[in-house]
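Participant: prediction below, plus the sequence it came from.
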Amino acid sequence: MARIIITGASGFIGTNLLELFLRDPSDEVLNLDIVEPRCPTHRPYWREVDVRNLEQLAKTVCGFEPDYIFHLAARTDLNGNHLEDYDSNTVGVANVVEVAAKLPQLQRVVFASSLLVCKLGYRPVHDLDFCPDTVYGESKVVGEKIVRLQAQGLPWVIVRPTSIWGPWFAEPYKNFFEAIERGRYVHPSAAGTTRSFGFVLNTVHQLECICSANGEDVVGMMFYLADYEPLNLRQWANIIQKRLGVKPIKSISSSILKAVALVGDGFQFIGVSNPPLTSRRLRNLLTDAVYDVSALKAICAPLPYSLSDGVEITLNWLKRGQSAVSK
C-alpha cells in the first residue's frame, strides 16, 4: 500500500499517471490541481489546490501524509513574456520542496521539468548545461536549480519529458493525429525529423519505476522520459495513415511550408491563438532532437507498449470520444 500525491494530475501526463495508480486498490492517490480533472471518473480524487499557495499546499499534503509525490503541476504554454508569468514553475517548486521537507515518511519526490531547458536541437553536455530560448524554458531552469539547491536531504528526482503523446493529449500531437485523419497533414520534402518521442503509457510506467527503484540508482539524478528508440516523424505519420486507412500522405517543399508559416506568424501577431503553422512550429518540425535514455532503460527494463500498440490505443481513444483508457 502506498499513499501518492500527484500535483497537476488534471493534465495530460498526470491523468494517465493517476489512472495507472488507481489500478491498484491498495494505493491511495490524491490529485492537487487548480482545474478539474480531464477524466470525469477522477473527480473523487481531486482537491482544488494551488501549488503557489504555501499554506493551502502544506495543509493538504501534510494532512494526507504521502509516501510519494509527483510534482507535475506547471504552466506549460509559451505565451508568457516574463518569468513572473510562470510562477507555478518557480514558486510552486519551492513550495513543494518546503512542504516535502516536513514529511519524514516520504520515500521519493519526483519533479517534472522540461526538455525546453535547452532549445530544441541543442545537446547539453551535462545536466547543468542549460540553453533555453523561451521564458517557459527559463522558468524550468529556475525550477531545477531550486530543487538542487533547496532539496538537499530529500529523496528527489528530476525528469524531463520529451515529446509525449497518447490518450488525453492536446496540441500539438492530438492535432497531428487529427490532421492525418482529415487528410490535412503533409510531409516536408526532407527525409523526416528524428526525435525522442514517448507514448504516455510508457511514460507513466517509467515514472512508476523511478519511484520503486533503489535510491542509489535514481535519487539526485535527472532522466529524460522517452521511448528507447528515436522515432522518424515521416515514418510515424505513415503508420498512423495506414492504420486509419486514409489516402497516402503527400509531400510538400520546405519553401512552401516556410511561406505558410510566415502567414501563420502574421495571424499570431494579430491575436489568433492557434494558427495551423508558424515559423516556430515549422522549425520544431524540422529539428532533430534525440536524448540519451540509457540510464532510464536500465531501471525500467522493457516498455509495456510498442509503437503500434500506442497508435492503436490512441486512435481508439480518439474514436471513443476521449473516454478513460485501460490496458
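Facilitator: Okay, I see it.

Participant: all contacts plus neighbour counts: C-alpha atoms, from now on.
Facilitator: Fine.

Participant: quick one, strands of the stretch 51-200 of the chain?
Facilitator: With DSSP state E, counting those that start in this stretch as the criterion, the stretch 51-200 of the chain has strands at 68-71, 108-112, 156-161, 163-165, 187-188, 194-195, 197-199.

Participant: those strands: which one's closest to Val263?
Facilitator: Nearest of the strands of the stretch 51-200 of the chain to Val263, taken as C-alpha to C-alpha: strand 187-188 at 17.1 Å.

Participant: what's that closest one packed up against?
Facilitator: Contact analysis of strand 187-188 by 3 or more C-alpha pairs under 8 Å, 6 or more residues apart in numbering; DSSP states H and E lists strand 251-252 as its packing neighbours.

Participant: and the next element down the chain from the strand it packs on?
Facilitator: Remark: after strand 251-252, the chain's next helix or strand is helix 254-269, criterion DSSP states H and E.

Participant: buried ones in that next one, by neighbour count?
Facilitator: 257-258, 260-265, 267 (16 or more other C-alpha atoms under 10 Å).

Participant: the helix or strand of the chain with the lowest mean pLDDT: what's the following helix or strand?
Facilitator: Across the helices and strands of the chain, mean confidence by mean pLDDT, DSSP states H and E is lowest for helix 279-285: a mean of 73. Downstream of helix 279-285, the next assigned helix or strand under DSSP H and E is helix 294-300.

Participant: compare the strands of the stretch 51-200 of the chain and say which comes out lowest on pLDDT.
Facilitator: When those are ranked by mean pLDDT, strand 187-188 comes last with a mean of 82.

Participant: quickly find the element holding the closest residue to Leu22 other than its chain neighbours.
Facilitator: Excluding the flanking residues, the one nearest Leu22 by C-alpha to C-alpha, 6 or more residues apart in numbering is Val29, at 7.3 Å. Per DSSP H and E, Val29 falls inside strand 28-33.

Participant: does anything pack onto that strand? Which helices or strands?
Facilitator: Applying 3+ C-alpha pairs under 8 Å, 6+ apart, we find strand 28-33 packed against strand 3-7, helix 12-22, strand 46-48.

Participant: re earlier: closest to Gly321 out of the strands of the stretch 51-200 of the chain?
Facilitator: Nearest to Gly321, of these and by C-alpha to C-alpha, is strand 163-165 at 16.5 Å.

Participant: give me the helices and strands touching that closest one, please.
Facilitator: Under the contact criterion of 3+ C-alpha pairs under 8 Å, 6+ apart, strand 163-165 touches strand 197-199, helix 200-212.

Participant: and if we set it to 10 Å?
Facilitator: helix 12-22, helix 173-181, strand 197-199, helix 200-212, helix 307-319 (3 or more C-alpha pairs under 10 Å, 6 or more residues apart in numbering; DSSP states H and E).

Participant: for the most centrally placed residue in the chain, which residues are in contact?
Facilitator: Nearest to the mean C-alpha position of the chain, counting by C-alpha atoms, centre = their mean, stands Pro161 at 4.7 Å. Neighbour list for Pro161: 13, 112-116, 196-198, 200, 203, 223-226 [criterion: C-alpha atoms under 10 Å, 6 or more residues apart in numbering].

Participant: what residue ranges in the stretch 101-250 of the chain score low on pLDDT?
Facilitator: Counting by pLDDT under 70, the stretch 101-250 of the chain contains low-confidence residues at 190-191.

Participant: swap in 90 and give it another go.
Facilitator: Residues of the stretch 101-250 of the chain that meet the criterion pLDDT under 90 lie in 121, 123, 171-172, 175, 184-193, 250.

Participant: the nearest residue to Gly215 once chain neighbours are set aside - how many residues pack around it?
Facilitator: Closest residue to Gly215 apart from its sequence neighbours, by C-alpha to C-alpha, 6+ apart: Pro155 at 7.5 Å. When neighbours are defined as other C-alpha atoms under 10 Å, Pro155 has 21 of them.
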